[in-house]
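A.B. asks: Here you go, sequence then predicted model.
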Amino acid sequence: MVRIAGFRKVVVRCRILLCAAVVIAAGAAVHFCWPETAGSQPAPAEAMLLSSDHLETPVNSDNVNLTESRVRRRVPWCGHTRLLSPVTAQEFQFLSSHRSNRDLLVYSAFYDPRLAPRKPIIRSTGIARNVGMSGLMCQLWYRRWSQVMVTMQAHVERLPEGDSRRYQAVLITCSTSSKVEEIPSAVSFAWSHCAQPAGFLPVRVLPSTPVRNGQFAVCMSPLHSSYDNVDEAVQTLELNRLFGANRFFVYSFASSKRVASLLASKHYAKDVTVLPFQPPVNVDRWPQPSNYTVEVKHFAQMAMLQDCVMRASAKYEFAVFTDMNEVVVPRSKGLSNWRDLVRARMSDNKTAGLSLQHADFWLEWPADSEMSANATISGLKLSALLKLHHDEVRLHGTPSKMIVKPHFVQLMGVQLMWRYTKGWGTEYVNFRLAGVHRYRSWKDLGPQDSDQVRDPTLLRYREQLVANVLRARTALGLPLPIHISD
């Protein structure tokens, strides 16, 4: 049953055989056609909830610092219930579907016409407990049609790679109503049509056709454990910029004030977006307390990946997935940046992802003698130039990272691709061509010295990297080397 209200005319159509009347009313009155059943009136599978108030202030889904402001409005077919509807919506929080439990926690929502432009859907990311989700309802809210709220059944997909933890990452799909010629501005989730939602997510709109601008977004896994490695952060950001990064999406569970200030600085604010990402459940802790159960795998990384795929697809042709201690390096002499790499390996109409092998450059291993003798490089603590030995190159997927065309990605994995749009696939890139350099410290669990392989690839970028890091540290007010070497 679908209900549509206007101010001068209301047409109500009932799709139940018992009710075939069309009701037209004048003025501000709203009329409904209910099936003639005893007792309470059942809610339809898709319904438009009507209110007598107007929503004047639009949802600004481009604002990172969104706050919640709601107005109370009457919903006629919900009896005496008055729902709070959004004036502005919440973002970058995990919102529960009900204030009394945390079975479902949603983080973001997107209007997604990529798979079927004529039948767009709302896709939301989040985490959910391993309990039944049948009966969950989507509640769609509108700017211009502020007197309408559309509800329908939600479809919940539990994502892989959850390791059977108490919470799993989920994708929630809501169909959109052809009865309202407007894109929803916000979505909420509840366990019945008339239930008051605990919060509202702004709906970000994705394009129906792929972006063709050659630009790269970098999706960085959640910073955690009060991340405080300023030297590493500057090196990683500048290396990524050098290779072609146009935008960084840095997800943050917990970082130090120094790192937070660095990322928010004028030097990085133009191309770094920090997204608070703090699932309100038990996450990994080091050391882990006794009787402590980790409830979601690696800070809900699978949910973060789905969010960043869709977020990147709105404005960027490519997305690079990495961590703050990693960088995707074009290694072949014929490649100097990521654009060269994708032109060489993604120019056809069937490759939407490059799977990249990685190797670990262990920070416990000695620095290169020539590089450590350079006062500037050693003073800047550039591990990318000081640590020129790595261990064995890992096979694809054990682990590896990816560069993708996000428009064609339907389900992103941590190390591999789970689902593309039909007709698209992955190319597996040899480490000789390009690969992931990971700079890590593992103390006593590191590899043996006999595993070392000298790899001077990044020395090709030495002058540019040193100049860029010097410029960044000067702008940020960070300590500089006492002596500057050539």
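C.D. replies: Arrived safely. Residues are numbered from 1 along each chain as shown.

A.B. asks: Work out which residue lies at the spatial centre of the protein.
C.D. replies: Computing the C-alpha centroid of the chain and ranking residues by Cα atoms, centre = their mean puts D307 first, at 2.2 Å.

A.B. asks: following the strand or helix carrying it, which helix or strand comes up?
C.D. replies: For D307, the host element (DSSP states H and E) is helix 301-313. Per DSSP H and E, helix 301-313 leads on to strand 318-322 as the next helix or strand towards the C-terminus.

A.B. asks: Which residues does that following strand contact?
C.D. replies: With contact meaning Cβ atoms under 8 Å, 6 or more residues apart in numbering, strand 318-322 is reached by 214-221, 240, 245, 305, 308-309, 312-313, 328, 338, 342, 401-406, 409, 412, 436. No exception for glycine: its C-beta is placed from N, CA and C like everyone else's.

A.B. asks: out of those, which are inside helices?
C.D. replies: Counting by DSSP state H, the contacts of strand 318-322 place 240, 305, 308-309, 312-313, 338, 342 in helices.

A.B. asks: Next, format those residues as JSON lines and append neighbour count, distance to F321 and pLDDT.
C.D. replies: Formatted as JSON lines, these follow (neighbours: other Cβ atoms under 10 Å; distance: Cβ to Cβ, whole Å; pLDDT from 0 to 100):
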{"residue": "N240", "neighbour count": "22", "distance to F321": "12", "pLDDT": "98"}
{"residue": "L305", "neighbour count": "26", "distance to F321": "7", "pLDDT": "98"}
{"residue": "C308", "neighbour count": "25", "distance to F321": "8", "pLDDT": "98"}
{"residue": "V309", "neighbour count": "23", "distance to F321": "9", "pLDDT": "98"}
{"residue": "A312", "neighbour count": "27", "distance to F321": "10", "pLDDT": "98"}
{"residue": "S313", "neighbour count": "24", "distance to F321": "13", "pLDDT": "98"}
{"residue": "W338", "neighbour count": "24", "distance to F321": "13", "pLDDT": "98"}
{"residue": "V342", "neighbour count": "21", "distance to F321": "14", "pLDDT": "98"}
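
A.B. asks: of all those residues, which comes closest to G162?
C.D. replies: Proximity to G162 was ranked across those by Cβ to Cβ; first place goes to L305, at 12.6 Å.

A.B. asks: Number of residues surrounding R118?
C.D. replies: 7 (other Cβ atoms under 10 Å).

A.B. asks: per-domain residue ranges of the chain.
C.D. replies: 1-42, 43-205, 216-285+293-476 (automatic domain parsing).

A.B. asks: For the ones you listed, give me JSON lines that also has distance to H483.
C.D. replies: What follows is these, written out as JSON lines (distance: least, Cβ to Cβ, whole Å):
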{"stretch": "domain 1-42", "distance to H483": "74"}
{"stretch": "domain 43-205", "distance to H483": "41"}
{"stretch": "domain 216-285+293-476", "distance to H483": "4"}
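
A.B. asks: same for the helix holding D307, what does it pack against?
C.D. replies: Packed against helix 301-313 by the contact rule (3 or more Cβ pairs under 8 Å, 6 or more residues apart in numbering; DSSP states H and E) you find strand 101-112, strand 121-129, strand 167-175, strand 216-223, strand 245-252, strand 318-322, strand 409-412.

A.B. asks: Quick one, which of those gets closest to E181.
C.D. replies: strand 101-112 (13.7 Å).

A.B. asks: Show me what that closest one is packed up against.
C.D. replies: strand 95-98, strand 121-129, strand 167-175, strand 186-190, strand 201-205, helix 301-313.

A.B. asks: partners of it in the sheet?
C.D. replies: With DSSP bridges as the test, strand 101-112 is paired with strand 95-98 (antiparallel), strand 121-129 (antiparallel), strand 201-205 (parallel).

A.B. asks: got the angle for it vs strand 167-175?
C.D. replies: For strand 101-112 against strand 167-175, the angle between stretch directions is 50 degrees (axes from the mean of the first three to the mean of the last three Cα atoms, to 10 degrees).

A.B. asks: Pull out the buried positions in strand 101-112.
C.D. replies: For strand 101-112, burial by neighbour count (16 or more other Cβ atoms under 10 Å) applies to 102-112.

A.B. asks: Likewise for stretch 112-129?
C.D. replies: Buried, per 16+ other Cβ under 10 Å, within stretch 112-129: 112-114, 120-129.

A.B. asks: what separates that stretch from the chain centre, distance-wise?
C.D. replies: Computed by Cα atoms, centre = their mean, to the nearest Å, the chain-centroid distance of stretch 112-129 equals 13 Å.

A.B. asks: as a whole number, average confidence for it?
C.D. replies: Average pLDDT, stretch 112-129: 96.

A.B. asks: hey, C-alpha coordinates of it in PDB?
C.D. replies: Output of stretch 112-129 as PDB, limited to C-alpha atoms (Å, rounded to 0.1, in the frame of the first residue of the first chain):
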ATOM      1  CA  ASP A 112      23.700   4.100  -5.100                       C
ATOM      2  CA  PRO A 113      22.600   3.900  -8.700                       C
ATOM      3  CA  ARG A 114      25.800   2.200  -9.900                       C
ATOM      4  CA  LEU A 115      24.400  -1.300 -10.300                       C
ATOM      5  CA  ALA A 116      21.000  -0.300 -11.700                       C
ATOM      6  CA  PRO A 117      20.600   3.400 -12.600                       C
ATOM      7  CA  ARG A 118      16.800   3.000 -13.000                       C
ATOM      8  CA  LYS A 119      16.400   1.200  -9.700                       C
ATOM      9  CA  PRO A 120      18.800   3.000  -7.300                       C
ATOM     10  CA  ILE A 121      19.200   1.700  -3.800                       C
ATOM     11  CA  ILE A 122      20.300   3.100  -0.400                       C
ATOM     12  CA  ARG A 123      23.400   1.200   0.900                       C
ATOM     13  CA  SER A 124      24.400   1.500   4.500                       C
ATOM     14  CA  THR A 125      27.500   0.200   6.200                       C
ATOM     15  CA  GLY A 126      27.800  -0.900   9.800                       C
ATOM     16  CA  ILE A 127      28.200  -3.800  12.100                       C
ATOM     17  CA  ALA A 128      25.600  -6.200  13.600                       C
ATOM     18  CA  ARG A 129      25.500  -8.900  16.200                       C
END
